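# Quick one, structure for this:
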Amino acid sequence: MKLPLIPLSILSLLIISAVVTNPDQKKFETFIAEKGSKAIKEDICQSNSQSTGILENFASKACNLIGDTSMELVARFVAENTTRHNYLLFSIYELDANIHHSKTLGLFNNFVILDDGMKDSN
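You can find the predicted model right below:
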């Protein structure tokens, strides 16, 4: 029995693409750091930017600066507390710290958070 050439070629190309685009630890650190910085800017800084006074404007700019500079600290924290399980086609990243535990899938240079570490409050 002959296997069709086109489906085999597509499957081979998909497997090779997955292996080549399996994101490394550094990309994961950058992903989490950018996500954390964005959360600080959107959740904390935006709530303070409703007023237009000089003091409020200064506080908003300072908050955004903190969000930008926190990326390096978050990346370092992630590097020290993450275990990467490399399965060639994809990777599973486990961030395990005393205050947080999460699992993230890395595939095709993208990340999907599988478990964000949040506990149900019910």
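
# what about the helices in this structure?
Assigned by DSSP state H, the helices in the chain fall at 5-20, 25-39, 46-48, 54-81.

# Give me the angle between the second one and helix 54-81.
Think helix 25-39. Per axes from the mean of the first three to the mean of the last three Cα atoms, to 10 degrees, the angle that helix 25-39 makes with helix 54-81 is 160 degrees.

# Packing partners of helix 25-39?
helix 54-81, strand 82-86, strand 91-97, strand 100-107 (3 or more Cβ pairs under 8 Å, 6 or more residues apart in numbering; DSSP states H and E). Where C-beta positions appear, they are placed from N, C-alpha and C, glycine not excepted.

# Which one of those lies nearest to residue 115?
Residue 115 lies closest to strand 100-107 among the helices and strands packed on helix 25-39, at 4.4 Å (Cβ to Cβ).

# Residue 81 against residue 97, yeah?
Yes. Contact criterion Cβ atoms under 8 Å: residue 81 and residue 97 qualify, at 4.5 Å.

# re the thing from before, in CSV: the helices and strands packed on helix 25-39, plus mean pLDDT, mean neighbour count and distance to residue 39.
Below are the helices and strands packed on helix 25-39 laid out as CSV (pLDDT from 0 to 100; neighbours: other Cβ atoms under 10 Å; distance: least, Cβ to Cβ, whole Å):
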stretch, mean pLDDT, mean neighbour count, distance to residue 39
helix 54-81, 79, 14, 8
strand 82-86, 96, 13, 18
strand 91-97, 93, 17, 15
strand 100-107, 93, 17, 13
